[in-house]
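Trainee: A predicted structure for the sequence below; I have some questions about it.
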Protein chains: 4
Amino acid sequence: MKSDIKQECISGNYKFIPGKIYRMPTHFGPTTGPRQGPDGKNFAKENKEWPKQTDWIVNFLSNEDQLAALCPEGFSPVGEPVVTVGLTDMKGIPWLAGRGYKMLGVSFNVLFEGKEDRAMGPFLTVLWENMADPILSGREEIGFSKIYCELPDPIEFNDTTRLEASWQGYKFFNMELTDMKPVSLDEIPVPPAVDPDVQLGMLHYKYMPRTGEWGKADVSYPVLTPADNPNVKVSEVFQGKGTISFKKARWEDMPTQYMIVNTLAELEIKEFRGALIRHYRGSKDLSDQRILQ
Amino acid sequence: MKSDIKQECISGNYKFIPGKIYRMPTHFGPTTGPRQGPDGKNFAKENKEWPKQTDWIVNFLSNEDQLAALCPEGFSPVGEPVVTVGLTDMKGIPWLAGRGYKMLGVSFNVLFEGKEDRAMGPFLTVLWENMADPILSGREEIGFSKIYCELPDPIEFNDTTRLEASWQGYKFFNMELTDMKPVSLDEIPVPPAVDPDVQLGMLHYKYMPRTGEWGKADVSYPVLTPADNPNVKVSEVFQGKGTISFKKARWEDMPTQYMIVNTLAELEIKEFRGALIRHYRGSKDLSDQRILQ
Amino acid sequence: MKSDIKQECISGNYKFIPGKIYRMPTHFGPTTGPRQGPDGKNFAKENKEWPKQTDWIVNFLSNEDQLAALCPEGFSPVGEPVVTVGLTDMKGIPWLAGRGYKMLGVSFNVLFEGKEDRAMGPFLTVLWENMADPILSGREEIGFSKIYCELPDPIEFNDTTRLEASWQGYKFFNMELTDMKPVSLDEIPVPPAVDPDVQLGMLHYKYMPRTGEWGKADVSYPVLTPADNPNVKVSEVFQGKGTISFKKARWEDMPTQYMIVNTLAELEIKEFRGALIRHYRGSKDLSDQRILQ
Amino acid sequence: MKSDIKQECISGNYKFIPGKIYRMPTHFGPTTGPRQGPDGKNFAKENKEWPKQTDWIVNFLSNEDQLAALCPEGFSPVGEPVVTVGLTDMKGIPWLAGRGYKMLGVSFNVLFEGKEDRAMGPFLTVLWENMADPILSGREEIGFSKIYCELPDPIEFNDTTRLEASWQGYKFFNMELTDMKPVSLDEIPVPPAVDPDVQLGMLHYKYMPRTGEWGKADVSYPVLTPADNPNVKVSEVFQGKGTISFKKARWEDMPTQYMIVNTLAELEIKEFRGALIRHYRGSKDLSDQRILQ
């Protein structure tokens, strides 16, 4: 009976075009995104001035052991155990044809030592975004640990800026910045020089589970976002005081993210280390993202 | 100078727990989802009655060559080239602790012939969902081609049910069902028997791009959702007339999905083949999802 | 110079059409709404079967003095001081061309005694709705104390139904229903007969402030929704246990509604008096709403 | 039997506090809003710097007869029949404790001549806002013709700014601004002097229907927002080209607003008269709003 079915079939399958980026569904041709526009175009020109971005950042001194426990194989906390919690608003994103979105990330400095590569910089443990499309391209193409949450606009009253994050209405994060004073752009400290064979940038761990063989991985490797980002032009910086808090959640409150939020809520806060608001423009497409060996 | 940095580092990295499902971020322990609840629990018991689901389905006769062009290597359209466009509302989903979401899928029947496996059933070319969390677990764990859109509640007026889909406010899909009459559950036709060495189920193609080596894949294989779903209990079925339409989009309108919507908008509609509304309960966790060879 | 301006003016002002309902803006002709469709049509026919509605109701015994303090001139609590908190989902609303919305109301039984009228029934102290348009027509045409909040879909898990309400992300209300068992429609008690000169229905107090003369009113009178609603056809009723809670808010949390939420949060809950889920269809357009003297 | 019911009643009704602003529900005490904060506080101090506002404005030359037909009794178009369509984003609104919202208004210059008052300025025919609370206080306290719609953030790409408005997903308005160049603040023209007995400001018509007596009004009078607004500090202005369009709607598409959108879509556009983007801070509480005689 095999042949009967076969006779009803026709050929005509599509082929993957070499050198083109695809994401599921692959059946409709190469997938546009941050690193691949329509007709093979990239966004190098547009990224010189866009998006328009604002960061709200709070740092706190935490516990080195707790941070070490968040590090995958080959990663280690480095320097003071300072955690950076940053919320960013992006407007006029070229690859989204001018739309914007927000993100909330938690990072601390690590050193990665692999078989071939040594790299140092902030380790982005989790990055919440309030739009699904950049989450998909970010996870799958460049290995950012992006997940979804709601990120409403900042609330500004009485010299205080408040920012929140929630998941399906469960408010799991608060940030509060006060006494923010403008800072001369010259005052911003230059990062210290490091060993030239250590690559600088943001570190991530890309992982994709294998279908059907539960507990195994299809993909599991560290990745690096090289630090260099020449388009960024900072226009204004404010410094002041800030606090953050994560609110513990039950499985019922955040069934896909409670373990993340609870671990962050349990991080020791020895002291807050100040807050920053930064307005800037310009970006890169992160096509220099690379696997670390 | 290497040693200097090294001295500042401490050990304590986490290890992946064997047999546990992880999704990014992996740093906070195994990730809960449809196939893995808290404390290793699964949802077999809850799935017997939940979620409460409603399908709105429209079929149309299309063009075999156009469908073949959507098939990856090893897939071929089979039988009449009928495209099924189905919108589903799910309420009380156990793995989401009782929350719900909606989805919109486009499929047609195919035969897959691999080196080892032969399989037949609907090929799910794309599945839009209005919630990010199931999109991530669906893409990464079970290879469903899930992407995001807004799916508002149905509009019911004058014996017509209208359903829409939009992306960031761009309305790219309309479905309209009229003259829906209740059907006795006995009247629902049994699918024809097929060759026993052909596995029945829904077909997908899982693909993940490789970081940094643009145009290469980390993951690229066909997957099967076996047809068997014993928990499903249909309570009511209505049949009638229905139409659907996809609205063409410019890159500017839907910069990450225009190629998908435009291909679907160009599918020939030779004739509509009726509409269906179906109310039912019960599900499975799709842990029987498997890679086809 | 007066005349110069005058010369530049032309006539052509619109006139209000007698007998037609207007809401601001009045400049575009009579305003459609629940009681006035396009071309003067009403929705009497459609309201026989629509909308499709579900109520989730929790009752509790409270403190008579607290309820009395919520009563305007002429109103008094009557009978046991039981407060009814009801959340309703409406789908397929005819005057909204088949769209739906949800509402959350708080009421208790009162007697109204005016110069001419005596009326008895639930006094609707506040009604939150998650859609602006019915709030406007409801406040202005029929004097319902409607205000806005977010009302997400119910969460159903482990035989518990949870409902929430929030304002701009501040979750101020929770309802939880458990052990809900089907009730025969025959078991539903008939309300006791009352004095025939007492009108039965739902009571409200309509009020509109006067512009510029702050603290004065343009409108200030009691209104009645007569109880009669012949289209309502209940299909299923479930009874069980239920609880509600209002969460106190600071002005900063709910700057337009904190005084409402806090008063409700302070209402004594002597005991919960059971929960109800009710599925039904049919409505009336409330054009029988009338001012009480 | 009257007495029986009476005996069950207790007294304790609330009284309206003289001089306080109330909106429905009145049962929970005076209602906070733009002109009345908690504990009788006003927002004079905060309004000196807040909110932070951006206007996007397009003007077009239209047809005087069409504008005259939108004028209530006593109002007449004055000067060139230029229609101004302005979208405004407000952030950090004091009376909302630092939250923000957006609005979209349509106005043209009119002269009002009443029995006692003569006034001139933009007549605000309709003002859409994307938040319910300011719609209620704006309609009821100060007679603005506010209604609800969705107003997403602007889309900025390729030197073009696009703004949209939709109602429940129906996109009824587009604005597009291009070639926007910075303008020296000195270049902004001073409005011409007018007859000193003509009051300058924005004009509105407040109207509230009467309950039960359908077609009659509880409130029907013209109101004026005096032009003076000393807190406004403009920081940047850009001028360039712009277009707008309203998209016709069926009753089914916008059952409460189609008549408004269709009238605006039918307004003749003889020529566009340029576009403006304006960044500024500061506001007033509009407590100087007053009824015109």
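Mentor: Happy to help now that I have it. Residues are numbered from 1 along each chain as shown, chains lettered A, B, ... in the order given.
Trainee: From now on I want contacts and neighbour counts done on CA atoms only, so please keep to that.
Mentor: Fine.
Trainee: burial measure for A:Phe157, as a count.
Mentor: Neighbours of A:Phe157 under the rule other CA atoms under 10 Å in any protein chain shown: 21.
Trainee: Show me what it is bridged to.
Mentor: A:Thr160 (DSSP bridges).
Trainee: same thing with A:Ile244?
Mentor: Assessed by DSSP bridges, A:Ile244 has beta-bridge partners A:Met175.
Trainee: List the contacts of it.
Mentor: By CA atoms under 8 Å, 6 or more residues apart in numbering or on different chains, the contact set of A:Ile244 is A:Val58, A:Val85, A:Phe173, A:Asn174, A:Met175, A:Glu176.
Trainee: List of residues touching the helix or strand containing A:Gly121?
Mentor: Secondary structure from DSSP states H and E places A:Gly121 in strand A:118-129. Strand A:118-129 is contacted by residues A:70, A:101-113, A:135, A:144-151, A:197-204, A:224, B:25, B:27 when judged by CA under 8 Å, 6+ apart.
Trainee: Write out the residues of chain A neighbouring chain D.
Mentor: Residues of chain A lying near chain D by CA under 8 Å from any CA of the partner chain: A:46, A:91-94, A:97-100, A:153-158.
Trainee: just these now: which is nearest C:Pro38?
Mentor: Comparing the residues of chain A next to chain D against C:Pro38 with CA to CA places A:Arg99 closest, at 36.8 Å.
Trainee: residue in the stretch 1-150 of chain A nearest to chain B?
Mentor: A:Gly19 (3.9 Å; CA to the nearest CA).
Trainee: and of the residues of chain A next to chain D, the nearest to B:Pro255?
Mentor: Distances from B:Pro255 to the residues of chain A next to chain D, taken as CA to CA, are shortest for A:Ala97 (6.5 Å).
Trainee: which non-adjacent residue is nearest that closest one?
Mentor: Of all residues not flanking A:Ala97 in the chain, B:Glu252 sits nearest, at 5.4 Å (CA to CA, 6 or more residues apart in numbering or on different chains).
Trainee: if I've got this straight, A:Asn47 is in a helix?
Mentor: Yes - with DSSP: H, G, I helix; E, B strand; the rest coil as the criterion, A:Asn47 is part of a helix.
Trainee: Please report the distance of it from A:Gly201.
Mentor: Applying CA to CA, to the nearest Å, the value for A:Asn47 to A:Gly201 is 19 Å.
Trainee: swap in A:Gln293?
Mentor: Distance, A:Gln293 to A:Gly201, using CA to CA: 15 Å.
Trainee: Please say which of these two ends up with more neighbours.
Mentor: The residue with more neighbours, out of A:Gln293 and A:Gly201, is A:Gly201; 20 against 13, by other CA under 10 Å.
Trainee: hang on, the earlier thing: of the residues of chain A next to chain D, buried ones?
Mentor: Buried by 16 or more other CA atoms under 10 Å in any protein chain shown: A:46, A:91-94, A:97-100, A:153-157, out of the residues of chain A next to chain D.
Trainee: Run through the strands of chain A in chain order.
Mentor: Here chain A has its strands, by DSSP state E, at A:52-61, A:75-77, A:82-91, A:101-113, A:118-129, A:146-148, A:155-157, A:160-167, A:170-183, A:199-209, A:217-226, A:233-246, A:271-281, A:290-291.
Trainee: so how far is the fifth one off the chain centroid?
Mentor: Mean-position distance between strand A:118-129 and its chain equals 7 Å (CA atoms, centre = their mean, to the nearest Å).
Trainee: Can I get the strands of chain A in a markdown table including distance to D:Leu276?
Mentor: Output for the strands of chain A, formatted as a markdown table (distance: least, CA to CA, whole Å):
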| stretch | distance to D:Leu276 |
| --- | --- |
| strand A:52-61 | 20 |
| strand A:75-77 | 51 |
| strand A:82-91 | 20 |
| strand A:101-113 | 25 |
| strand A:118-129 | 32 |
| strand A:146-148 | 36 |
| strand A:155-157 | 26 |
| strand A:160-167 | 29 |
| strand A:170-183 | 29 |
| strand A:199-209 | 41 |
| strand A:217-226 | 40 |
| strand A:233-246 | 23 |
| strand A:271-281 | 22 |
| strand A:290-291 | 44 |
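Trainee: Tell me which of those strands sits most buried.
Mentor: Of all the strands of chain A, strand A:75-77 has the most neighbours on average by mean count of other CA atoms under 10 Å in any protein chain shown, namely a mean of 29.
Trainee: what are the pairing partners of that strand, and which direction each?
Mentor: Take DSSP bridges as the rule and strand A:75-77 pairs in its sheet with strand A:101-113 (antiparallel).
Trainee: Quick one: mean pLDDT for the strand it pairs with?
Mentor: Throughout strand A:101-113, pLDDT has a mean value of 97.
Trainee: What's opposite the most centrally placed residue in chain A in the beta bridge?
Mentor: Central residue of chain A (CA atoms, centre = their mean): A:Leu127, 4.3 Å from the mean position. Per DSSP bridges, the residues bridged to A:Leu127 are A:Gly105, A:Lys146.
Trainee: for chain A, which spans come out with low pLDDT?
Mentor: Applying pLDDT under 70 to chain A flags the ranges A:1-11, A:188-192.
Trainee: again, only this time at 90
Mentor: Within chain A, the stretches with pLDDT under 90 are A:1-13, A:40, A:158, A:184-196.
Trainee: Quick one: name the residues of it near chain C.
Mentor: A:Gly169, A:Lys171.
Trainee: what about 6 Å?
Mentor: Counting by CA under 6 Å from any CA of the partner chain, chain A comes close to chain C at no residue.
Trainee: Nearest to chain C within chain A, name that residue for me.
Mentor: A:Gly169 (6.3 Å).
Trainee: out of everything not next to it in sequence, what's closest to that residue?
Mentor: In space, A:Gly169 comes closest to C:Gly169 once its chain neighbours are excluded; the distance is 6.3 Å by CA to CA, 6+ apart.
Trainee: and that neighbour, how far is that from C:Cys149?
Mentor: With distances taken as CA to CA, C:Gly169 is found 9 Å from C:Cys149.
Trainee: neighbour count winner among the two?
Mentor: Taking other CA under 10 Å, C:Gly169 and C:Cys149 do not tie; C:Cys149 has more neighbours (26 against 20).
Trainee: That one touches C:Glu164, doesn't it?
Mentor: No - using CA atoms under 6 Å, C:Cys149 makes no contact with C:Glu164, being 10.2 Å away.
Trainee: wouldn't A:His204 be in contact with A:Thr225 here?
Mentor: No - using CA under 6 Å, A:His204 is not in contact with A:Thr225; the gap is 8.1 Å.
Trainee: Alright, that wraps it up for me.
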